[in-house]
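A.B. asks: Need coordinates for the following:
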Amino acid sequence: MTNNTSPTTFKLDGRLVQITPTAGKRLSQVLREDLGARDVKVGCNAGDCGACTVLIDGAPVCACLTPAQQVEGRRVETLAGLYTTDSTTQELAERFQDMGAAQCGICTPGMMVSAVALLRKNPTPSERDVQDALGGVLCRCTGYRKIIDAVMAAPAVARNAQGNVGDPIRHVDALSKVSGAQAFGDDVAPAGTLEIFVIRSPFARARFELGDTDTFITAQDGLEAVLTAADIKGRNLFGVIPQFVDQPVFAENEVRFRGEAVAAIIGTPAAVQAFNPANFPVSWIELPAVTNITSAQSPDADQLHEGRPDNVMCGGFVACGDPETALAKADVIVEGHFQSGFVEHAYIEPEAGFAQLVNGRVEIHACTQAPVMDLDALEEILGMDRDQIRIIPTAVGGGFGAKLDISVQPYLALAAIKTGQPVRLNYTRTESMQSSTKRHPSDIHLKIGATKEGKINGFNFYGEFDTGAYASWGPTVATRVPIHASGPYNIADYRAESRGIHTNNPPAGAFRGFGVPQSAIAQECLFDELAAKLGIDPLDFRITNALQNNAPTVCGQVFTQGVGITSCFEALRPAWNSERQAAADFNATQTTRKRGVGLAGGWYGSGNTSQPNPSTIKSGILADGTILLHQGATDIGQGANTVITQIFATALGVPVSAVTLVGPDTDVTPDAGKTSASRQTYVSGNAARLSGEALRASILERVNADGDAELSFDDGTVRATDKSSTHELALSGLSSDADAFIFRAEETYDPPTKPLDETGQGEPYAQFGYAAHLVVVEVDMELGTVKPIKFVAAHDVGKAINPMLVEGQVHGGIAQGIGMALMEEYIPGRTENLHDYLIPTIGDIPPIETLIIEEPDAHGPYGAKGLGEHVLVPTAPSILNAIHNAIGVRILKVPATPARVRAAIKAKTEDGLR
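C.D. replies: Residues are numbered from 1 along each chain as shown. Next up is the predicted model:
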């Protein structure tokens, strides 16, 4: 690539700049690395995600597809510049905050600049106008509806309130996202920092041999070093479940999946950009691979791991009563075989980070859902004392489970240690999709019986899950599925078994629901079949069998309060009646398009399964009266920063605005546990409540005020006003601790659970959340396309700490459920970009009505329950039931693509003609 000798001059956010880029250099790279505009995000480098959208002469353009030379003499605007000077952008930013339209925030710059271009031309756009203008920008968190509302200036959802529990206040970190100031994993490294490129296997299984890498590096201009397994001083393995730590940082001798790392090179940005991985000294011998769970378990299949015969990683089991006898006595029986494929997380931010040595310690900045788990892993990999390692999470541009596993962290740490210099690593979209974990493909057989009165009478579930080449969170999926496969129903005679099977596919791990969405498809679709056989209304059938307070779950666990599934179903009844009538009226006048209405229920246990699951929250008061909340729960867009601050502020008795948040940092904040399993509101929220209550109690005791006193902190003075008087305490003369706290409180909460016995009896979770969804779909009989028209979602959240955030989670979960049900199918080696792998766009998500149900939980903070994962569970089965209601065909394998739906319609038609 030759240098461009003539400079390029253009206006960037109102100022004249001049650059001399190499021929064809992307505008996105120039803006981010040469001109410091890190608010321009890069999610794909292919024009598929739209995160890099900027305005060129007022028109939205993907900066990653624009050669920098093309902006000569033109005007380029980015979100950060627009937010500083443009009133349209500033007003839009307020509306984004008022609607909760920015969750993780990685897509927000692209969304906002695209919206600004629209609003400049059309200040009062229609919904269709917004969808057309923003259709090129992908979002994986919000479900788009809040974004549409913000652009169309819908009435604000957020209120300017104190922030007590129950107040729908703005996200506390929203301003940084809507202004372009938020720093994600690839935004923190200084320009010019050494870069890392990982060498990966092109085969699903192969033996390999590295050549003379030292000579290779020496011969390459700008390359500093190479990393291989030989550089790992500790243990060349990582994983998340101690007894299943099985994945090497760098493979040795043999790779087990396409995309597995074998080495890495470190060099200057120019050298890494020019590097051709085909020239790297590695030779490959491709080997036969097992790519499905059937072939993996055949007698002649090669074994991926010692001690796991037949490639079975592990299994899960729950049983109660006598399901075989019950099924034999059932008046009706239904059974089915259901399958699902790999699903990609498709967060808009690929894995990225930065590392450096600081006073001999290695410091890693990366997008992660689990900083302390990262620390645990790196301690083992690096063979270093953990006090020599520091993890500082950046903002996380979407996680959904895959950023629980380590990705860039060991490569960053090893490279910083080897070179002694700062280093950075940002996965390409292809690299991310090759190497990151996926949702487990499932193969489920289920048989259910019922009495003629409509009571479930026998339930037998068997499911196998493709866990890929390595365990990751596969053991958690195998354990969780049998507990949840019953759904939130009263089933006395039950058997559920699951197994995780190794293949040479990418590792499958955590993805919003840990296998429960797959099992819910089988259970909820067959519930519709049972209701039809019995001639019972599907909603009434579910309510008849719904779990109640004081009734045992299939694990024998009894909740005396908070079982809100019946309330969720009853909340759907008005829509159930009206939408079915509307669909019938529509179908009476249509021949090629048919509408159907479907529903499904779901539940989800918050936190680890029968395992310790503590969170610790620290808080304190400085001498100047500043209230610090050390909150180590990573916020991946779901709103943990906001919810935990609201809970703490309510417990302490101060407005949220009075609290200064200190985010995750393994040197500074206690371990609040990983952001997974919908645990942060419940577990870390409880720790925050305890910390706030303890801090308040110590202050009131010191000033001798009543328990109901109002607290305020001004000018270094604490004031507690009770019924009798105002008590004041000057803080400046008081002694402080090592954290400079005059008052401090550090509290831990660990949910009360009990281990499961050999039949799965016990108390796996201290709380469950409950959900019921209704959807209206329209099916094109000739094309096989399925379009959701409307969702009504009822969720029992115990107590809505922030109702606006509840709506945001519901919208986002439904969007991902639509993707799982209708379009998303990751095929290893084929769908390694966001062009071939389809996720819902802004035009795919219908209006969503959220019905918040509050059945207080006995253990949750102020009665609150977790939410994030729950939403995905009933979404896909409700869509499949709606398809069946519309056209009378049952889709047994998701996604229900147009080809599969059309084939089912055709098969039904041919059967009818025979």
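
A.B. asks: Return, as residue ranges, the portions of the stretch 501-650 of the chain with sub-threshold pLDDT.
C.D. replies: For the stretch 501-650 of the chain, applying pLDDT under 70 flags no range at all.

A.B. asks: for Asn504, phi and psi?
C.D. replies: phi -90, psi 30 (degrees, to the nearest 10).

A.B. asks: Surely it is in contact with Glu260?
C.D. replies: No. Look at Asn504 against Glu260 with C-beta atoms under 8 Å: they stay out of range, at 9.7 Å. Backbone N, C-alpha and C define where each C-beta goes, glycine included.

A.B. asks: so what sits against both of the two?
C.D. replies: With contacts defined as C-beta atoms under 8 Å, 6 or more residues apart in numbering, the residues adjacent to both Asn504 and Glu260 are Ala469.

A.B. asks: Could I get the pLDDT score of the nearest residue to Pro655 once chain neighbours are set aside?
C.D. replies: Closest residue to Pro655 apart from its sequence neighbours, by C-beta to C-beta, 6 or more residues apart in numbering: Gln162 at 4.2 Å. The score at Gln162 is 96. That number is its pLDDT.

A.B. asks: One more: Leu913?
C.D. replies: pLDDT, Leu913: 70.

A.B. asks: Could you do Asn3 as well?
C.D. replies: 51.

A.B. asks: hey, where'd the strands end up in the stretch 501-650 of the chain?
C.D. replies: 593-605, 615-621, 627-630 (DSSP state E, counting those that start in this stretch).

A.B. asks: so which of those comes closest to Thr897?
C.D. replies: strand 593-605 (17.4 Å; C-beta to C-beta).

A.B. asks: returning to that earlier point: since we're on the residue nearest to Pro655, how many residues are nearby?
C.D. replies: Gln162: 15 surrounding residues under other C-beta atoms under 10 Å.

A.B. asks: what about the helices in the stretch 151-300 of the chain?
C.D. replies: 174-178, 213-218, 269-274, 293-296 (DSSP state H, counting those that start in this stretch).

A.B. asks: residues of the shortest one that come out buried?
C.D. replies: It refers to helix 293-296. Neighbour-count burial for helix 293-296, with 16 or more other C-beta atoms under 10 Å as criterion, is recorded at 293, 296.

A.B. asks: Glu869 is nearest to which of the strands of the stretch 501-650 of the chain?
C.D. replies: Across the strands of the stretch 501-650 of the chain, closest to Glu869 is strand 593-605 (C-beta to C-beta), at 5.1 Å.

A.B. asks: Tell me the helices and strands packed up against the closest one.
C.D. replies: helix 474-484, helix 516-534, helix 538-545, helix 565-588, strand 768-780, helix 872-887 (3 or more C-beta pairs under 8 Å, 6 or more residues apart in numbering; DSSP states H and E).

A.B. asks: orientation of that strand relative to helix 474-484 in degrees?
C.D. replies: 100 degrees (axes from the mean of the first three to the mean of the last three C-alpha atoms, to 10 degrees).

A.B. asks: Paired strands for strand 593-605, with orientation please.
C.D. replies: strand 768-780 (antiparallel) (DSSP bridges).

A.B. asks: mind checking how far the strand it pairs with is from the chain centre?
C.D. replies: 20 Å (C-alpha atoms, centre = their mean, to the nearest Å).

A.B. asks: C-terminal to it, what's the next element?
C.D. replies: strand 786-796 (DSSP states H and E).

A.B. asks: got the CA positions of that following strand in PDB?
C.D. replies: Provided in PDB are the C-alpha atoms of strand 786-796 (Å, rounded to 0.1, in the frame of the first residue of the first chain):
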ATOM      1  CA  VAL A 786     -43.700 -14.400   9.500                       C
ATOM      2  CA  LYS A 787     -44.100 -10.800  10.800                       C
ATOM      3  CA  PRO A 788     -44.900 -10.100  14.500                       C
ATOM      4  CA  ILE A 789     -47.600  -7.500  14.700                       C
ATOM      5  CA  LYS A 790     -47.900  -6.900  18.400                       C
ATOM      6  CA  PHE A 791     -46.600  -8.200  21.700                       C
ATOM      7  CA  VAL A 792     -48.200  -8.000  25.100                       C
ATOM      8  CA  ALA A 793     -45.800  -9.000  27.900                       C
ATOM      9  CA  ALA A 794     -46.700  -9.500  31.500                       C
ATOM     10  CA  HIS A 795     -43.800  -9.800  33.900                       C
ATOM     11  CA  ASP A 796     -43.800 -10.400  37.600                       C
END
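
A.B. asks: Would you list the strands that that strand pairs with, along with their directions?
C.D. replies: strand 768-780 (antiparallel), strand 848-853 (parallel).

A.B. asks: Now do whichever helix or strand comes after it: distance to the chain's middle.
C.D. replies: Scanning forward in sequence from strand 786-796 by DSSP H and E, the next helix or strand is helix 803-822. Helix 803-822 sits 11 Å away from the centroid of its parent chain (C-alpha atoms, centre = their mean).

A.B. asks: cool, and stretch 6-26?
C.D. replies: Using C-alpha atoms, centre = their mean, the offset of stretch 6-26 from its chain centre is 37 Å.

A.B. asks: what does stretch 572-579 give?
C.D. replies: The answer for stretch 572-579 is 31 Å, by C-alpha atoms, centre = their mean.

A.B. asks: for it, which positions count as buried?
C.D. replies: In stretch 572-579, counting by 16+ other C-beta under 10 Å, buried: 572, 575-576, 579.

A.B. asks: Closest to Gly474 out of those?
C.D. replies: When these are compared against Gly474 (criterion: C-beta to C-beta), the nearest one is Leu572, at 34.1 Å.

A.B. asks: Contacts only, for that closest one.
C.D. replies: So, once contact is read as C-beta under 8 Å, 6+ apart, Leu572 ends up touching 539, 599, 772-774, 792, 794, 851.

A.B. asks: mind redoing it with 6 Å?
C.D. replies: The neighbourhood of Leu572, defined by C-beta atoms under 6 Å, 6 or more residues apart in numbering, consists of 772, 774, 794.

A.B. asks: what do you get for Gly602?
C.D. replies: Gly602 touches 520, 771, 873-874, counting by C-beta under 6 Å, 6+ apart.

A.B. asks: before we move on, the earlier item: my read is that the residue nearest to Pro655 contacts Val654, right?
C.D. replies: No. Using C-beta atoms under 6 Å, Gln162 is not in contact with Val654; the gap is 8.4 Å.

A.B. asks: Of the helices of the stretch 151-300 of the chain, which is nearest Asn45?
C.D. replies: Taking those one by one with C-beta to C-beta, helix 269-274 is closest: 11.7 Å.

A.B. asks: for the record, mean pLDDT for that closest one?
C.D. replies: 96.

A.B. asks: If we go by neighbour counts, what in it is buried?
C.D. replies: So helix 269-274, judged by 16+ other C-beta under 10 Å, has buried residues 269, 271-272.
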